[in-house]
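1. sequence and predicted structure are below.
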Amino acid sequence: MASGHLGAPQQQAEQMAAPTSPASTFKKSLAKWESSTDGQGDTFYQLDGPDGIDEAFGIEWFQFGFGAGAEIISVNDILNNPAQPDLIAQGLSVSDATPTAGDTITVDVTATNQGAAAAGASTTYFYLSTDAVIDATDTLLGTAATGALAAGASETESEQFVLPGGISGTYYIGVLTDGADAVGESDETNNTAALSIDVAAPGALPDLFMGSAGYDNDPTSGAETSINFQVMNLGSGDAGASTTYFYLSDDDVIDATDTLLSTEATGALLAGESVFPSTQFVLPADVVGAHYIGIVVDGDDAILEADETNNITTLSIDVQPAPDLITYGLTVSDPTPTAGDTVTVNVTTENQGAGDASWSTTYYYLSDDAVIDATDTLLGTGVFGALAAGESDY
């Protein structure tokens, strides 16, 4: 019912019957309502009860009667100031207020909805900051999903984060509730909390570095490639065992979007020590032309280092197309020999692929069926010279 000059409150109450209504979203226990829309200053009294504003239809119907007035509210207040959630961060704590750079700390915080309406699911952001003012320019440590919260409800988040290795001094752990601005709130300025920590400088740290790297022959599409490389510890501290990652990339910027070819375990390295391992991997069959091999020492960031920016090197490669050897024109000097006879076998080997083929060996078998494999009797071998694309040898 729209507001206006409704007449005597008691008469209005007698004429109106309460319709069937969904649960109300109007939670205040209002006893008095002053109309300000008709200019006549009419005052109407509303009975206390769970139904006042219909959830599905807005201001749809009212019950009127006589009662003590406890609160005054206008129609405009109801229309223009609906109840909203208000998320805040409370009880922020850390497992260690004096950690060492590179340590893992646990951060606990409670997201509370102090508003008058329910809040949908949101995301809580955790930051590392040089001051107590937390915003998106600070270092994001991670996030945590926060479920929907009824008015007055809370949810506690507990997350672990690794502090950067190259920091020391006073820093702040900051928390931002609803960091993605997914929830409309009555107050969008009170979502942060901050707690100071005193970060100690780490002791002697290792510094893993990718030294020299290379390969013996031009890699071939679909073929195994061998890479020789050097891992060095340039730091003043010892390094534990690590893993080196090998990527195939279209450019010299190596990241997780590139194709991982293989990994190679690297043992512990004392300060100043180097190792010279090698690894093998097969290039994809559809890769041809100019590409890059990216080599990332400590590819899973298992080692805290003095310098985390020098772990990557790249090799430019020109991937050659693969050859494709086939045989045809197989003949024998006597198709009906006697056991123990000597026969002459002739065959042509052709490279029908797009890439050159190096020297190869052809195997000759005696079989009791037309399916030739290594389980058949090997009669002998023949060597064929290198064949360029399209060439054949008889």
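-> Nice, thanks for sending it over.
2. would you confirm that residue 244 contacts residue 295?
-> Yes: assessed by Cβ atoms under 8 Å, residue 244 is found in contact with residue 295 at 6.4 Å. Any C-beta I mention is one placed from the backbone N, CA and C, and that applies to glycine too.
3. what do those two both touch?
-> Residues touching both residue 244 and residue 295 comprise 210, 229, with contact defined as Cβ atoms under 8 Å, 6 or more residues apart in numbering.
4. quick check: residue 162 touching residue 106?
-> No: under the criterion of Cβ under 8 Å, residue 162 makes no contact with residue 106, lying 11.3 Å away.
5. residue contacts, residue 138?
-> Here residue 138 is in contact with 127-130, 174 (criterion: Cβ under 8 Å, 6+ apart).
6. same question for residue 183.
-> Residues near residue 183 by Cβ under 8 Å, 6+ apart: 85, 87, 119-120, 122.
7. quick check: the farthest pair among the residues you listed?
-> Comparing every pair within these by Cβ to Cβ identifies 87 and 120 as the most remote, at 10.3 Å.
8. residue 182: neighbouring residues, count only.
-> Residue 182 has 12 neighbours, counted by other Cβ atoms under 10 Å.
9. do you know the pLDDT at the nearest residue to it once chain neighbours are set aside?
-> Excluding the flanking residues, the one nearest residue 182 by Cβ to Cβ, 6 or more residues apart in numbering is residue 122, at 5.2 Å. Residue 122 is assigned a pLDDT of 97 by the prediction.
10. circling back: who wins for neighbours among the contacts of residue 138?
-> residue 174 leads those on contacts (other Cβ under 10 Å) with 26 neighbours.
11. can you name the residues bridging to it?
-> Beta bridges link residue 174 to residue 127, residue 194 when assigned by DSSP bridges.
12. i'd like the first residue to be 19 from this point on
-> Yes, from this point I'll number from 19; that puts the last item at residue 192.
13. need the contact list for it.
-> 144-147, 150, 152, 156, 210-213.
14. do that again at 10 Å, thanks
-> 107, 110, 125, 143-147, 149-153, 156-159, 210-213 (Cβ atoms under 10 Å, 6 or more residues apart in numbering).
15. same question for residue 340.
-> Residue 340 is in contact with 238-241, 301, 303, 306, 371-375, counting by Cβ under 10 Å, 6+ apart.
16. swap in 8 Å and give it another go.
-> By Cβ under 8 Å, 6+ apart, the neighbours of residue 340 are 238-241, 303, 371-373.
17. who wins for neighbours among the residues you listed?
-> Counting neighbours by other Cβ under 10 Å, residue 238 comes out on top of the contacts of residue 340 with 23 neighbours.
18. hang on, isn't that residue packed against residue 337?
-> Yes: if you go by Cβ under 8 Å, residue 238 and residue 337 touch, sitting 6.9 Å apart.
19. intersection of neighbour lists for those two?
-> By Cβ under 8 Å, 6+ apart, the residues touching both residue 238 and residue 337 are residue 301.
20. tell me what residue 311 is bridged to.
-> residue 266, residue 333.
21. confidence score at residue 54?
-> 37.
22. in this structure, where is pLDDT below threshold?
-> By pLDDT under 70, the weakly predicted segments of the chain are 19-99.
23. and the closest residue to residue 406 other than its chain neighbours, how far from residue 402?
-> Nearest residue to residue 406, sequence neighbours excluded (Cβ to Cβ, 6+ apart): residue 374, at 5.0 Å. Distance of residue 374 to residue 402, computed by Cβ to Cβ, to the nearest Å: 13 Å.
24. which of these two has more residues huddled nearby?
-> residue 402 (21 against 17).
25. ok now do that one, which residues does it touch?
-> Residue 402 neighbours (Cβ under 8 Å, 6+ apart): 367, 377-380, 411.
26. and those residues, which of them are in strands?
-> 367, 378-380, 411 (DSSP state E).
27. out of those residues, the closest to residue 249 would be?
-> After measuring the ones in strands among the contacts of residue 402 against residue 249 - Cβ to Cβ - the closest member comes out as residue 378, at 35.7 Å.
28. excluding its backbone neighbours, what's nearest that closest one?
-> residue 402 (5.1 Å).
29. swap in residue 384?
-> Nearest residue to residue 384, sequence neighbours excluded (Cβ to Cβ, 6+ apart): residue 395, at 4.3 Å.
30. residues in contact with that neighbour?
-> Residue 395 sits in contact with 383-385, where contact means Cβ under 8 Å, 6+ apart.
31. for residue 265, same thing?
-> Residue 265 makes contacts with 272, 276-279, 311-314, as judged by Cβ under 8 Å, 6+ apart.
32. write a ChimeraX command that selects only the buried members of the residues you listed.
-> What follows is the ChimeraX syntax selecting those of the contacts of residue 265 that are buried according to 16 or more other Cβ atoms under 10 Å:
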select :272,276,279,311,312,313,314
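33. quick revisit: now tabulate the contacts of residue 402 in TSV and tack on distance to residue 174.
-> Shown next, in TSV, are those (distance: Cβ to Cβ, whole Å):
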residue	distance to residue 174
367	72
377	70
378	68
379	69
380	72
411	76
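34. just the buried ones from the residues you listed?
-> The buried subset of these (16+ other Cβ under 10 Å) comprises 367, 378, 411.
35. residue contacts, the second one?
-> Residues in contact with residue 378 (Cβ under 8 Å, 6+ apart) are 343, 367, 401-402, 405.
36. would you check how far apart the residue lying farthest from the centre of the chain and residue 395 are?
-> For the chain, the residue at maximal distance from the C-alpha centroid (Cα atoms, centre = their mean) is residue 356, at 70.5 Å. According to Cβ to Cβ, residue 356 and residue 395 sit 17 Å apart.
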